[in-house]
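Undergrad: Let's see this in three dimensions:
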Amino acid sequence: MPKKKKHALNHYKGSSGAGASASPSSTTKPTKSVNELLANLRTTAASLSSNQPSILATATPSVPPAIRQILQIPETPAPLPRRPVRRRFDNYGRRLPAGPPPPGSWSRSPRDPQTAQRALESLSTHSLARVAFPGAYLPEPGSLLDLVARRMALEWQLHREYDGPYMYYIPTHIKPILMRHVAILGTPGLSIKDLKAMLLPQPDGNDDVPDVSVSSLEDLTTLDISGAVGKTISLKELSDLLFPTQTTPSDELQDSWDAEDLQSSIPSTLLPNLSHLSLAVDPKKADNASWKHLLSLASKLTTVTHLSLAFWPVPCLTRKSQFASMSSPHQRDISYSGTNYYSHTIDQDWSEALLVLRLLSKSLYSLEFLDLTGCISWFKALTLEDTDSHDHVDWAGDWGKITTLRLNVGWDIEKNDMPSKHDMYQSACETALAVEKRIISMRAGRGRFITVERPILDELTR
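TA: Numbering: from 1, shown residues only. Okay, the predicted model is just below:
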């Protein structure tokens, strides 16, 4: 048998001198294990990170500085510093919740908590808080409905923008409460657009204007806009809203004989069963109230039985020109208005005020409750009669149905107040008592019994 050939494998070494001159002792050098090598790498990396922390933070340029200047390449910005380690405990030693901190908009309140608390409590101390109809539905202070209404009033600008189309669907018994809180506490105040949003349905997304149904507003008998008249709502705007003008019927022929007449669907009165109306004004904005517009509105309020005119100024038809005068070449200057600066103090002339009150009583002949809180400047006009024109308030005829008359001062008296304030309070108490005696003497048993809510003199005012 032929023998198998064995190929000799020649091991070639590198041509470097180091390999050729290697001594035999190098081959016998002990080699390190893998675990020892990994341990050495870990210790080396830890020492480098502790001794030279800035080396890792420095950005290594990708282009040499000389070439960077020639090519006008901007320098690479340094990396952002590391986020500091968050404390896991607060100042009181309590453990903080896990995860990143909340955004600033979540933890930061839009207003000072103390300011918001004072605003929530301001309704009880406001002068208009005393103005309320007897038996009216008002939530208990501190109840859920009261807190929600106050909070909505404080953030009314937000609700006006985002919840405007849904205001119409608020329950009927809650609408007067919300109107009252917004008019008194709201920063922008209650505007005529807000009333329209609550009383009229808004158009939907298809630009379809829904029909104004009177049946949906029949249950609404109270309209409380205390503090809004003269500030954010004028009586002319209110009259246009409650009593919309009727357009003349068109002569156009309908496409079908059974087509619905759009003109007949518009109601002549928005609130057909309105019986309680509060037109109280803010004492700081009392000069903006217009008796002329009130007389125009009163001629249409045939169903109102409870009316509040708290803090209204002295009755005057031309209040803005009350102190104006006209020059005459033949005699002294003539007062442009029926009431001048000295009419009620020196001249004792209440003729214009009596005329306005007589016209008002002729229109509001169905009144059963009248609130004149804070009108101490013209309490005296309720007891007088003009000898020339015989203008006076007919408590037995036109206002013979009134059974409750409220003549409160509108503010409290304290023992440490100025003597002038004590005198004013005492004068108001005496005038209110004179009004009560005047009404009783005029009716003399032939009218309804009347209750006059008036302040009583006590030891503080004596």
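
Undergrad: So which bits of stretch 413-427 are buried?
TA: Applying a neighbour-count criterion of 16 or more other Cβ atoms under 10 Å, one finds 413, 422, 424-426 buried in stretch 413-427. Just so you know, the C-beta spots here come from the backbone N, C-alpha and C atoms, and that holds for glycine as well.

Undergrad: Out of these, name the ones that lie in helices.
TA: 422, 424-426 (DSSP state H).

Undergrad: Closest to Ile192 out of the buried residues of stretch 413-427?
TA: Checking those against Ile192 by Cβ to Cβ gives Met424 as the nearest, at 35.4 Å.

Undergrad: Please render the ones in helices among the buried residues of stretch 413-427 as CSV that adds distance to Glu237 and pLDDT to the earlier fields.
TA: Below are those laid out as CSV (distance: Cβ to Cβ, whole Å; pLDDT from 0 to 100):
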residue, distance to Glu237, pLDDT
His422, 41, 86
Met424, 34, 89
Tyr425, 36, 89
Gln426, 40, 90
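
Undergrad: tell me which of those is nearest to Lys401?
TA: Lowest distance from Lys401 to these (Cβ to Cβ) belongs to Tyr425, with 30.5 Å.

Undergrad: Find the nearest non-adjacent residue to the closest one, please.
TA: Using Cβ to Cβ, 6 or more residues apart in numbering and skipping residues adjacent in sequence, the residue nearest Tyr425 is Ile413, 4.7 Å away.

Undergrad: Tell me how far the one you found lies from Gln426.
TA: Using Cβ to Cβ, to the nearest Å, one obtains 9 Å as the distance from Ile413 to Gln426.

Undergrad: what's near enough to touch the residue nearest the centre of the chain?
TA: Residue closest to the mean C-alpha point of the chain, counted by Cα atoms, centre = their mean, is Gly186 at 2.5 Å. By Cβ atoms under 8 Å, 6 or more residues apart in numbering, the contact set of Gly186 is 153-154, 156.

Undergrad: In helices, which of those residues appear?
TA: Using DSSP H, the subset of these located in helices is 153-154, 156.

Undergrad: Please produce TSV containing those, extended by distance to Pro64.
TA: Putting those into TSV (distance: Cβ to Cβ, whole Å) gives the following:
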residue	distance to Pro64
Ala153	69
Leu154	65
Trp156	66
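
Undergrad: filter these to the buried ones?
TA: 153-154, 156.

Undergrad: Let me know the closest of these to Pro101.
TA: Looking across those and measuring by Cβ to Cβ, the closest to Pro101 is Leu154, at 27.9 Å.

Undergrad: my read: the closest one touches Ile184, true?
TA: No - Leu154 is beyond contact range of Ile184, at 11.1 Å (criterion: Cβ atoms under 8 Å).
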